[in-house]
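Undergrad: any chance you can model this:
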Amino acid sequence: MQRNLAFPINIGWKTLLKDVGFEPEDILRKARLPDDTFSKADHGLNTEEYFRLWRALEAESHHLAFPLNLIEKVSAEVFDPPLFAALCSSNMMQAVQRLAKYKQLIAPMLLETNIDHQGTLTVSPLWLSATDTPPSLQVAELAFLLKLARIATREPVRASKVQLSQLPAGAEPSQFDRYFGTAISFGEYPAICFSATDALRPFLTVNQGMWQVFEPELRRRLSELDVTASTAERVRAVLLELLPANEATIEKTAERLGVSKRTLQRRLEEEGVTFRHLINTSRENLARHYLVNTRLPGYEIAFLLGFEDPNSFYRAFMAWTGQTPENLRNAMHPY
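TA: Below you'll find the model as predicted:
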């Protein structure tokens, strides 16, 4: 899938830097970037330029834990639309999924996510075309995810695990341990883990109406990047939105993708897959997620997957997996 090579630095950066005590113009000069970098909507930074900006922040700061100070100044008013849209999510699990999808619009990076059998959510920032990511930037990315959870839930959420490749030179581990609420461990790549309880803790900032305002523009911007995505990949993304609304028809999917039903069928045939198969696999994957990571009863899961009644869901699940939903949940959570 094609990835963006230039990333806009929006005007919110100027507010954030001033709040921390930096002069934005000084930072840009130290980073050897144009004076209007923060105000040019049609210009972006590549990975090397982005890292130069961050190293300029390191040079300007006189505090070894400055990435934590920077993140503590983050508020909803300086969020870029993809980040503000994450605040509109129902919980951290959904917010991270949205960030993983749209993060590439605002930074030269991707988010890898994983959910283990206990429901622990692990998020790992991966930088594109990067060989020497500043350690303070790794800290800031993980701290931001924790800050997002704290802002949205208004609870003192702690990470269950934090892993870094290294700390900023000269920094004391205890400063970071206190912020994250757990001792820092070290490994090949940065990662932060949230317990199942915190990953599914309701966001007080949930706002479906605002999400519907942001989402079409985010999807349009992402489509400009993902021009090489397969039709099947694009259909799966749309189905995640249509299934809970019980609108997962080929007609509605084609409408969302801006093509005719006949064109969508032809493109899927060329890729050797059917629309029915994509619906079934999407439903099965979502069903497994809900059964493993939530306590939603079967009838609610059936509704979220677009089934007309629970019996239809149970029969379909048996056909997909050879076991009942209850058996799968009990196997994952034998309490």
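Undergrad: distance of Asn285 from Glu233?
TA: Distance of Asn285 to Glu233, given as C-beta to C-beta, to the nearest Å: 14 Å. All C-beta spots, glycine's among them, are computed from the backbone N, C-alpha and C.
Undergrad: residue contacts, Ser230?
TA: For Ser230, the contact set (C-beta atoms under 8 Å, 6 or more residues apart in numbering) comprises Glu271.
Undergrad: helix or strand: which one has the spatially most central residue of the chain?
TA: Nearest to the mean C-alpha position of the chain, counting by C-alpha atoms, centre = their mean, stands Leu99 at 2.3 Å. Using DSSP states H and E, Leu99 sits in helix 92-102.
Undergrad: any stretches of the stretch 101-250 of the chain with poor pLDDT?
TA: 103-108, 128-131, 210-229 (pLDDT under 70).
Undergrad: which stretches of it form helices?
TA: Counting by DSSP state H, counting those that start in this stretch, the stretch 101-250 of the chain has helices at residues 135-153, 173-180, 196-199, 208-225, 231-242, 250-257.
Undergrad: looking at these, which is closest to Asn311?
TA: With C-beta to C-beta as the criterion, Asn311 lies closest to helix 231-242 of the helices of the stretch 101-250 of the chain, at 22.0 Å.
Undergrad: run a quick neighbour tally on the spatially closest residue to Leu57 that is not a sequence neighbour.
TA: Of all residues not flanking Leu57 in the chain, Ile27 sits nearest, at 6.2 Å (C-beta to C-beta, 6 or more residues apart in numbering). By other C-beta atoms under 10 Å, 21 other residues sit near Ile27.
Undergrad: do the same with the one 5 residues further on
TA: Residues lying near Arg32 (other C-beta under 10 Å) number 10.
Undergrad: not counting residues beside it along the chain, what's closest to it?
TA: Arg52 (6.4 Å).
Undergrad: and that neighbour, helix, strand or coil?
TA: For Arg52, the secondary-structure state derived from DSSP: H, G, I helix; E, B strand; the rest coil is helix.
Undergrad: and it, how many neighbours?
TA: By the measure other C-beta under 10 Å, the count of residues near Arg52 is 17.
Undergrad: next one: it from Asp19, what distance?
TA: 22 Å.
Undergrad: likewise Lys161?
TA: 29 Å.
Undergrad: swap in Arg288?
TA: Arg288 is 43 Å from Asp19, by C-beta to C-beta.
Undergrad: neighbour-wise, which of those two wins?
TA: Using other C-beta under 10 Å, the more surrounded residue of Arg288 and Asp19 is Arg288, with 18 against 15.
Undergrad: how about the nearest residue to the more buried one, chain neighbours excluded?
TA: Nearest to Arg288 is Leu328, by C-beta to C-beta, 6+ apart, at 7.0 Å.
Undergrad: equivalent analysis for Leu64, please.
TA: Counting by C-beta to C-beta, 6+ apart, the residue nearest Leu64 is Ala171, at 4.2 Å.
Undergrad: which residues are contacting stretch 134-143?
TA: 51, 54-55, 57-58, 66-68, 70-71, 109, 125, 159, 162, 164-169, 176, 179-180, 190-192.
Undergrad: returning to that earlier point: so the residue nearest to Arg288 makes contact with Glu284?
TA: No: using C-beta atoms under 8 Å, Leu328 makes no contact with Glu284, being 10.6 Å away.
Undergrad: which neighbours do those two share?
TA: Both Leu328 and Glu284 are in contact with 317, 321, where contact means C-beta under 8 Å, 6+ apart.
Undergrad: what sits against Met93?
TA: Listed by C-beta under 8 Å, 6+ apart, the contact set of Met93 reads 115, 121, 199-200, 293.
Undergrad: report the two of these separated the most.
TA: It's Ile115 and Leu200 that sit farthest apart of the contacts of Met93, by C-beta to C-beta, at 10.6 Å.
Undergrad: can you pull the residues that touch both of these two?
TA: 93, 293.
Undergrad: can you give me the strands in this protein?
TA: Applying DSSP state E to the chain gives strands spanning 109-115, 121-127, 161-164, 184-186, 191-194.
Undergrad: list the strands paired with the third one, with their directions.
TA: In this case it means strand 161-164. Sheet pairing of strand 161-164 (DSSP bridges) gives strand 184-186 (parallel), strand 191-194 (antiparallel).
Undergrad: quote the end-to-end distance of stretch 285-304.
TA: Stretch 285-304 has an end-to-end distance of 12 Å (C-alpha to C-alpha, to the nearest Å).
Undergrad: go on, stretch 183-190?
TA: 14 Å.
Undergrad: now do stretch 126-136
TA: OK, stretch 126-136 end separation, C-alpha to C-alpha: 14 Å.
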